[in-house]
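Colleague: coords please:
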Amino acid sequence: MPHIISQLHSSVSKLRLRHAVFFVLLCGVSLPAHAADDSPAPLTPAPHTSWASAVRAALARKAHKVATWTQSGVASWYGRHFHGRKTSDGSTFNSNDLTAAHPSLPLGTKLLVTSEDTGRSVVVTVNDRGPFNHRIIDLSHAAAEKIGMVNSGTAHVKIAPLAPKNASQNEVAEAPSSAKTVQEPQQP
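Modeller: Presented below is the predicted three-dimensional model:
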């Protein structure tokens with residue numbers, strides 16, 4: 001009897017082996033045949049070109065909008081107490097340089113700051129973060145002097161980014177959330 005059981009196990013094992021081999025062969029034969037049916041579509045540059053031109057057009061519209069924003073509010077100045085300390089961009093603060101602190105504009109952004117109280121303007125470079133107490137910008141002592149706000153400590157100002165003619169979209173400051181977009185007159 002043990003001999004019969006042994007033969008039965010051997011027969012079942014051989015049958016399982018045959019099924020496994022048959023299955024592997026079936027899969028191996030069917031995969032290449034299936035892959036041959038799905039030949040890739042020919043590549044055409046038209047979709048990429050149209051996509052790229054759409055992106056370029058969107059960037060140009062954004063750059064125009066970004067370069068024409070203004071922000072109005074109260075400015076303050078800081079100087080003597082911070083002179084010699086490190087700024088957010090890693091440089092040493094010099095109260096005699098024409099610099100400013102802004103909460104969100106990219107460091108290195110050039111801004112035209114115009115006092116609405118005196119009408120005088122100054123160009124500053126954002127190199128630090130701040131201000132606080134509901135103010136839109138902190139100016140260095142030298143910049144505050146240029147627009148005539150040293151004695152008062154604060155002034156109502158309007159700020160606008162300076163966009164050189166050759167500036168890329170990445171070099172032009174993005175408008176803060178509280179900024180207003182200036183509408184330029186349309187050309188006839």
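
Colleague: quick one, strands of this structure?
Modeller: Counting by DSSP state E, the chain has strands at residues 69-78, 99-101, 110-115, 121-128, 137-140, 154-161, 180-181.

Colleague: turn those strands into TSV, columns for distance to Lys86, mean neighbour count and mean pLDDT.
Modeller: The C-beta positions use only the backbone N, C-alpha and C, and glycine is treated the same way. Converted to TSV, the strands of the chain look like this (distance: least, Cβ to Cβ, whole Å; neighbours: other Cβ atoms under 10 Å; pLDDT from 0 to 100):
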stretch	distance to Lys86	mean neighbour count	mean pLDDT
strand 69-78	14	19	94
strand 99-101	13	26	97
strand 110-115	21	20	96
strand 121-128	9	20	96
strand 137-140	15	26	97
strand 154-161	24	21	96
strand 180-181	33	12	56
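
Colleague: can you list the weak-confidence ranges in the protein?
Modeller: Counting by pLDDT under 70, the chain contains low-confidence ranges at 1-13, 15, 17-67, 164-188.

Colleague: sorry, back to before: let me have the strands of the chain in a markdown table, extended by distance to Gly148.
Modeller: Listed next are the strands of the chain as a markdown table, based on distance: least, Cβ to Cβ, whole Å:
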| stretch | distance to Gly148 |
| --- | --- |
| strand 69-78 | 11 |
| strand 99-101 | 16 |
| strand 110-115 | 6 |
| strand 121-128 | 10 |
| strand 137-140 | 11 |
| strand 154-161 | 8 |
| strand 180-181 | 24 |
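
Colleague: so which of those gets nearest Thr87?
Modeller: strand 121-128 (4.1 Å; Cβ to Cβ).

Colleague: for that closest one, packing partners?
Modeller: strand 99-101, strand 110-115, strand 137-140, helix 141-146 (3 or more Cβ pairs under 8 Å, 6 or more residues apart in numbering; DSSP states H and E).

Colleague: can you redo the ones you listed as CSV with distance to Ser91?
Modeller: Converted to CSV, these look like this (distance: least, Cβ to Cβ, whole Å):
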stretch, distance to Ser91
strand 99-101, 9
strand 110-115, 15
strand 137-140, 12
helix 141-146, 15
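
Colleague: which of these sits closest to Arg129?
Modeller: Of all the helices and strands packed on strand 121-128, strand 99-101 sits nearest to Arg129, with 5.8 Å by Cβ to Cβ.

Colleague: quick one: contacts of the closest one?
Modeller: Applying Cβ atoms under 8 Å, 6 or more residues apart in numbering, the external contacts of strand 99-101 come out as 78, 87-88, 93, 111, 113, 124-131, 137-140, 143.

Colleague: give the pairing partners of that strand; include direction for each.
Modeller: Using DSSP bridges, the strands paired with strand 99-101 are strand 121-128 (parallel), strand 137-140 (antiparallel).

Colleague: would you mind getting the angle between the longest one and strand 154-161?
Modeller: Relative orientation of strand 121-128 versus strand 154-161 (axes from the mean of the first three to the mean of the last three Cα atoms, to 10 degrees): 80 degrees.
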